[in-house]
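In: Please work out how this folds:
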Amino acid sequence: MRSVIIAGALALIQAPAFGLVIDGDIVRQTGVGQFVVLDPNRSFAVGADTFDDDNLYAFDEDQNIVLESPIRVDIGGVDGRIAAGTVVASHYVFFDSLSGVHVGYVDFDAAILGIAAFQDTMGATDFLANTDVRYISTELRGLEQGDYVWIDEDLPDRLWVYWAGSSPGDYIRVFTEESKAVPLG
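Out: Take a look at the predicted model:
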C-alpha cells in the first residue's frame, strides 16, 4: 500500500500543469448568448463566421511552453513583451456574432501575462496554438474597431471583454502564467 501511495504522489509531482480556462459569463448583452468552453481536442474550425451566434467562446491552446524568444503583446507584458524563458499557457477567446453585443469575462486558473489582440501579434504567436482546431481567415483576426478587452485590476486571472459582433468577429489570444493547480486524471 505504501508503494502505491508513493507512486501516486510521484505521479502528481511529475504530472504536467495546465493553465486552464475555468469559468466565464456574459454580464450584459443584446442577444441570447452564453459562455462556452470548447474542447480543442475535438476538431472544429474557428474564423470566417463559422459560429455566427451570440456566445462567448474560449478554449485552451498549448500549455506551459517555455518561450525561446520574447513575444510581443498588445495588452500587458513588460513594455509590450513577454520575456524569453517565461513559461506561458496559451488560450483563444472569441465572439463570432453577426449583430450581438456583449460585456463578459473569462477566468483562468493563473494570472494573465498578456494579450495578443491584433492580427500581427496573433500571427506571430500561432506557434503556441498546437491544437486540432483549424484557424481560418487568420488575416481577419483581432479586435474589430471600437471593441475592447482588458485584464481585471483586482483579479489578474480575469479577462474582460466588450465587443460587438459583425463579420468576421473578434478573436484574441491570452497568455497566462503556468497553472496553479494540477488537473487530476
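
In: Any idea what the spatially most central residue of the chain is bridged to?
Out: By CA atoms, centre = their mean, the chain has its centre lying nearest to His91, at 2.3 Å. In this entry, His91 is beta-bridged to Asp60, Val174, by DSSP bridges.

In: can you check Gly142 too?
Out: Once the bridges are assigned, which here means DSSP bridges, Gly142 pairs with Phe118, Tyr171.

In: what's the distance between it and Asp170?
Out: Shown here: Gly142 relative to Asp170, a distance of 7 Å by CB to CB, to the nearest Å. The way it works is simple: take the backbone N, C-alpha and C, and place the C-beta from them, glycine included.

In: more neighbours, the two?
Out: Asp170 (24 against 21; other CB atoms under 10 Å).

In: still on that earlier bit, so the residue nearest to the centre of the chain touches Ser179, yeah?
Out: No: counting by CB atoms under 8 Å, His91 stays clear of Ser179, with 11.5 Å between them.

In: Centre of the chain to stretch 28-41, how far?
Out: Relative to the chain's own centre, stretch 28-41 is displaced by 13 Å; criterion: CA atoms, centre = their mean, to the nearest Å.

In: now what about it, what contacts it?
Out: Stretch 28-41 is contacted from outside by 21, 23-26, 44, 53-61, 97, 99-104, 106, 131-133, using CB atoms under 8 Å, 6 or more residues apart in numbering.

In: Any of those buried? List them.
Out: 21, 24, 26, 53-61, 97, 100-102, 104, 106, 131, 133 (16 or more other CB atoms under 10 Å).

In: Does Leu128 touch Glu61 like I think?
Out: Yes: assessed by CB under 8 Å, Leu128 is found in contact with Glu61 at 5.8 Å.

In: Perfect, I'm done here.
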